[in-house]
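Q: next one to model:
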Amino acid sequence: MRINRIGLTAVALVAAGALTLTGCSGGGATDSKPSANASAIITTNGSEPQNPLIPTNTNEVGGGKILDALFAGLVYYDADGKPVNDMAESIDTDDSQTFTIKLKEGNTFTNGEDVTAQNFVDAWNYGAALDNKQLSSYFFEDIEGFSYDENVATLSGLKVVDDTTFTVTLKQPTADFPLRLGYSAFYPLPKAAFEDIDAYGQNPVGNGPYKLDGEGAWKHDESIALVKNDDYKGGREVKNGGLTITFYAQQDAAYSDLIAGNLDILDAIPDSAFGSYESDLGDRAVNQAAAIFQSFAIPERLEHFSGEEGKLRRQAISMAINRDEITKVIFQDTRTPAKDFTSPVIDGFSEDIKGNEVLTFDAKKAKELWDQADAISPWTGTFQIAYNADGGHQGWVDAVSNQLKNTLKIDASGAPSPTFAEVRTAITDRTIQTAFRTGWQADYPGLFNFLGPLYATNAGSNDGDYSNPEFDALLKKGQGETSEEAANKDFQDAQAILMEDLPVIPLWYANVNGGYGEDVDNVKFGWNSVPLYYDVTKG
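A: Predicted coordinates:
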């Protein structure tokens, strides 16, 4: 899920002592665990959402993790990223442009409202309308009637047929459209949401496997408490009593609680424990590939980074970074140096993108490129990378800064903000005046998801405001292909343009490095690094 699901590995604001203690106490060693307790609450780490919990206005990991537990869309993704029908009975098309979607009957929101076709259409129209300023509005840009130039309250491509049927007409054939429908932007909203959307975002009513544990279950900057939704009839059968997500100020505190038995599941090991967590946790340690891409953005609006000068400086910075060294020394081989802008776990990935030599460490070439930029306009000032201090990023930011100092002979440093929410707000508001850490945890398992939302002109997660008509044209061409193979070729060609422009500096692909406690069983981490909480049992 996201940036943005960029909030990757960010963990926000509460002291370890505030965590609900759930570990078993006393007793001698046993050969087996006690029987699972269907009412047991699973505890895990998370981050304070950037915004109220509105599906179309949440595009970062902390909020996304919560929304995916509270809501059920047309489909959900299994552990391997395969879409499975959830609210949908069927999604049919003859031409990949007009889709007929039929819903299963008998599903309800937790306030008792039936889940109908109108709930999906109303939610999508709300998310798409420019006046509503939703961060994920671009997910609806392919639907007929969507416009970036004027507010459209009702998309002409959305038609309700009856209570359980609606149709979607796209501007052009788009083969992977059904694959996208498990992402949170496409969740339905109850009618009650539109009575006061801001209040709703603080206490959302969903239709998913979990629900809020009463009014005020979201304790800002501290935690959120969810309980099983007994009325959910979808495929994500909940095998526990609920989920408490605690927002930590530091990943080290979360890891200490895991080791002490006070936390059930941790999905982000701090870099201080990379060398020891597998021996600490044994077979309860998790180290597996995931659809996660890490980078940092350098907006063109920054001095010295526009035009030809900016292009040269970005290439110089990229080639001054020794990714092999950082992934080995800082990350203990839990990261893999990037070869493109996507992820090796996604179909269509290629490490042979034209121009990707710019991602290879070459100190001599980097200095030459920097000097060429100086010939256009001499460098002044300090190069800084902003990051959230609550997310375990200082180690690599300091390492990159030192490499830039040594290779380019410039002053470089990190610029930490205390929390993920703070740095994301500055990025979203365009008040940030430095380069900044970025990353992407996939919303759905497709190459386009790593490209369109981040680099297409006007896309909601295009935090650097990058725009290139040739890149946009290749994305559009890829979306219109009728075969996945042809589409992926277009997306690879589009990446060649990114290699030249470098709107972000690709760094590495991240494994999901996590672990779980002795009291839980059946813990699986999905294709996008998020644990399948509903499947977890606890003694």
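Q: what about the closest residue to G348 other than its chain neighbours, how many residues nearby?
A: Take G348 and drop its neighbours on the chain: the residue closest to it by C-beta to C-beta, 6 or more residues apart in numbering is N488, 3.2 Å away. Where you see a C-beta, it was placed from the backbone N, CA and C, and this is true even at glycine. Close neighbours of N488, defined as other C-beta atoms under 10 Å, add up to 22.
Q: I'd like the mean pLDDT over the helix or strand containing N488, please.
A: Assigning secondary structure by DSSP states H and E places N488 in helix 484-501. Averaged over helix 484-501, pLDDT sits at 95.
Q: what's that helix packed up against?
A: Packing partners of helix 484-501 (3 or more C-beta pairs under 8 Å, 6 or more residues apart in numbering; DSSP states H and E): helix 307-319, helix 447-455, helix 469-480.
Q: next one: the following helix or strand past the first one to chain centre, how far?
A: Towards the C-terminus, the helix or strand next in line after helix 307-319, according to DSSP H and E, is helix 323-329. Its chain's C-alpha centre lies 24 Å from the corresponding centre of helix 323-329 when counted by C-alpha atoms, centre = their mean, to the nearest Å.
Q: residues of helix 323-329 that come out buried?
A: 323, 326-327 (16 or more other C-beta atoms under 10 Å).
Q: which one of these is nearest K364?
A: In terms of C-beta to C-beta, no member of the buried residues of helix 323-329 lies closer to K364 than R323, at 16.9 Å.
Q: isn't that closest one up against P337?
A: Yes. R323 is within contact range of P337, at 3.7 Å (criterion: C-beta atoms under 8 Å).
Q: now the helix or strand containing A399, how far from the centre of its chain.
A: Using DSSP H and E, A399 sits in helix 394-408. Here helix 394-408 is found 26 Å from its chain centre; the criterion is C-alpha atoms, centre = their mean.
Q: same question for stretch 310-321.
A: The chain centroid and the centroid of stretch 310-321 are separated by 26 Å under C-alpha atoms, centre = their mean.
Q: can you list the residues that contact it?
A: 298, 300, 304-305, 358-363, 365-370, 372-373, 376, 379, 383, 400, 403-404, 407-408, 500-502, 505-507 (C-beta atoms under 8 Å, 6 or more residues apart in numbering).
Q: quick one: low-confidence parts of this protein?
A: Along the chain, segments meeting pLDDT under 70 span 1-35.
Q: count of residues packed around the nearest residue to Y455 once chain neighbours are set aside?
A: Of all residues not flanking Y455 in the chain, Y466 sits nearest, at 5.2 Å (C-beta to C-beta, 6+ apart). If you count neighbours by other C-beta under 10 Å, Y466 ends up with 20.
Q: can you report phi and psi for Y466?
A: Main-chain torsions, Y466, degrees, to the nearest 10: phi -70, psi 140.
Q: which residues touch it?
A: 300, 455, 457, 501, 503.
Q: just the buried members of the residues you listed?
A: Counted by 16+ other C-beta under 10 Å, the contacts of Y466 give 300, 455, 501, 503 as buried.
Q: what residues are up against the last one?
A: Meaning P503. Counting by C-beta under 8 Å, 6+ apart, P503 makes contact with 297-298, 454-455, 464, 466.
Q: so can I have JSON lines of the residues you listed showing distance to E422?
A: Below are the contacts of P503 laid out as JSON lines (distance: C-beta to C-beta, whole Å):
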{"residue": "A297", "distance to E422": "17"}
{"residue": "I298", "distance to E422": "20"}
{"residue": "L454", "distance to E422": "21"}
{"residue": "Y455", "distance to E422": "25"}
{"residue": "G464", "distance to E422": "19"}
{"residue": "Y466", "distance to E422": "23"}
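Q: list just the nearest of these to W527.
A: When the contacts of P503 are compared for distance to W527 (C-beta to C-beta), L454 wins out at 18.8 Å.
Q: mind checking how far that closest one is from D443?
A: To D443, L454 is 11 Å away according to C-beta to C-beta, to the nearest Å.
Q: before we move on, what about V160?
A: From V160 to D443 the distance is 25 Å (C-beta to C-beta).
Q: looking at those two, which is more packed in?
A: D443 (28 against 16).
Q: you'd agree that one is up against F450?
A: No. Applying C-beta under 8 Å as the test, D443 and F450 come out as separate, 9.5 Å apart.
Q: got the contact list for the spatially closest residue to F383 that is not a sequence neighbour?
A: Nearest non-adjacent residue to F383, counting by C-beta to C-beta, 6+ apart: A412, 4.4 Å away. Contact analysis of A412 by C-beta under 8 Å, 6+ apart lists 382-385, 400-402, 404-405.
Q: rerun at 7 Å
A: For A412, the contacting residues are 382-383, 401, 404-405, by C-beta atoms under 7 Å, 6 or more residues apart in numbering.
Q: so how do I select the buried members of the residues you listed in ChimeraX?
A: Buried residues among these (16+ other C-beta under 10 Å), as a ChimeraX selection:
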select :383,401,404
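Q: now, which of the contacts of A412 sits nearest D347?
A: L404 (34.8 Å).
Q: kindly list the main-chain dihedrals of the residue nearest to the closest one when sequence neighbours are not counted?
A: Distance criterion C-beta to C-beta, 6+ apart; nearest residue to L404, sequence neighbours excluded, is A412 at 4.1 Å. Main-chain dihedrals, A412, degrees, to the nearest 10: phi -140, psi 140.
Q: overlap in contacts of R323 and P337?
A: Residues touching both R323 and P337 by C-beta under 7 Å, 6+ apart: W508.
Q: which residues of this protein fall in helices?
A: 61-70, 117-128, 177-180, 197-202, 251-260, 277-281, 307-319, 323-329, 363-376, 394-408, 420-429, 447-455, 469-480, 484-501 (DSSP state H).
Q: and the second one, what does it pack onto?
A: If contacts are counted by 3 or more C-beta pairs under 7 Å, 6 or more residues apart in numbering; DSSP states H and E, helix 117-128 sits against strand 158-162, strand 165-169.
Q: that helix to strand 158-162, inter-axis angle?
A: 170 degrees (axes from the mean of the first three to the mean of the last three C-alpha atoms, to 10 degrees).
Q: now do helix 117-128 against strand 165-169, angle only.
A: 30 degrees.
Q: now I292, nearest residue through space, not along the chain?
A: Of all residues not flanking I292 in the chain, A510 sits nearest, at 4.1 Å (C-beta to C-beta, 6+ apart).
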